[in-house]
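S.K.: Provided below for reference: sequence and predicted model.
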Amino acid sequence: MFEIIFLILLSVYFIFIATLIVGASKTFPKLKEEDLPTVSIIVAARNEEDNILDCIKSLDKLEYPEGKIEIILADDNSTDATGKIIDEFIAEKPKFKKIIPQKQKGELKGKTLAIANAIESVKNEIILTTDADCVVSPKWAKTIASYYIDDKVAIVNGMTNQFVIDNFSAMQSVDFILLLSAASGTINIGKPMSCIGNNMSYRKSAYDEVGGYENLKFSVTEDFRLLIAINNLKKYKIIYPVDKDALVTSKACKSVKELYHQKKRWSVGGLDSEPAGAVLISVSFLTNLMMFLSIIFFSKAIISLMAFKLIIDYFFIFPVHQKLGLKLKWIHFLLFELYYSLYVVMMPIILIFSRKVYWKEREFV
């Protein structure tokens, strides 16, 4: 009986993954370089003295037409050397500007408040965001901007991986690719369920149309909240191309504790998912739960079913790695599968008892 239930769940899981593969495989038209729009890049940083220099160095190397780009660095009241590092680097670099968020906007807090303040000062229609612990590719901005072929395109998302220095960071990088491949798949079939703010862009006019972040219910995943709000206008295109020239690379969590808080924050934000997203999350939860229960109901048939689940996941993310020019090692994939199954099963249980989020030395409820 257990084998039959597991097989049925895997069949549904396979259908979902196959649908996501179709979505993530979609390609989109692009503008020529001479037709690129003017863009504003926003980075919110709080106590990022170990990361901010690498980030802004990569932003300084962006390939973009002269006079069509500005970079706004929002120092979110850092108590370390973040502000000083920014000041020293951007001196005599007119395309950079630093702000310190001063204006309170509704009930906004932390990073979301910093971004909302930064958006007030942008000069251009297309806004790109990344994080202070990220490094962007030289072609990142012009690749993302090239997808704004007309006024109907309101949001363009990009892929993010992580710097791989050991098995722990490699496991997290595979996790990023899987989650964002799923986000790409759902967005490109017209059912947005997720995105990531460290590689996101949107039209300022669409942002203003939904009233900005201050008009949205506060969320610890502000990027996802904005995505859903613009999608609910039912008048714009939202796309998520898998394009290696639009790749952003972030630094992985250094400890299990840090990783736990990151996953909890994302999970709390995911509670606002649309019904279709809830179904996908439920199927993933049940499928991974069956992987754990297979240890109890172990048999030859169960081995085949477990192998089938691994094959489904591998052939979902392997082509994405290839398209992004990334390597996927078997050891990293297997470590990821163990870790992924664990947190997918445990996190819903944890959220029953606590939804407090700790992020950048602040507590959010």
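M.R.: Great, that's in hand. Numbers count the residues shown, from 1 in each chain.
S.K.: what number of residues lie near Asp243?
M.R.: A count of nearby residues for Asp243, using other C-beta atoms under 10 Å, gives 21. Glycine gets a C-beta too; all of them are placed from N, C-alpha and C.
S.K.: can you offset everything so residue one is 897?
M.R.: Sure thing, new numbering starts at 897, so read that last one as Asp1139.
S.K.: could you check the pLDDT of it?
M.R.: With respect to pLDDT, Asp1139 scores 97.
S.K.: just to check, it is in contact with Ala1041?
M.R.: No. With contacts counted by C-beta atoms under 8 Å, Asp1139 stays clear of Ala1041, the gap being 11.9 Å.
S.K.: tell me the secondary structure at Lys994.
M.R.: Using DSSP: H, G, I helix; E, B strand; the rest coil, the structure places Lys994 in strand.
S.K.: roughly how far does it sit from Ser1097?
M.R.: Distance, Lys994 to Ser1097, by C-beta to C-beta, to the nearest Å: 21 Å.
S.K.: who's more crowded, those two?
M.R.: Ser1097 (25 against 18).
S.K.: show me the contact partners of stretch 947-967.
M.R.: 929-930, 932-937, 939, 941, 944, 969, 978, 981-982, 985-986, 989, 991-993, 1018-1020, 1026-1038, 1041, 1147 (C-beta atoms under 8 Å, 6 or more residues apart in numbering).
S.K.: kindly report the same for stretch 908-918.
M.R.: For stretch 908-918, the external contacting residues (C-beta under 8 Å, 6+ apart) are 1077-1078, 1080-1082, 1085, 1176, 1179-1180, 1183, 1205, 1208-1209, 1212, 1215.
S.K.: ok, and the closest non-adjacent residue to Gly1081?
M.R.: Leu916 (3.1 Å; C-beta to C-beta, 6 or more residues apart in numbering).
S.K.: the closest residue to Leu1009 other than its chain neighbours: neighbouring residues, count only.
M.R.: Leaving aside its chain neighbours, Leu1009 sits nearest to Pro997 (5.7 Å; criterion: C-beta to C-beta, 6+ apart). By other C-beta under 10 Å, 21 other residues sit near Pro997.
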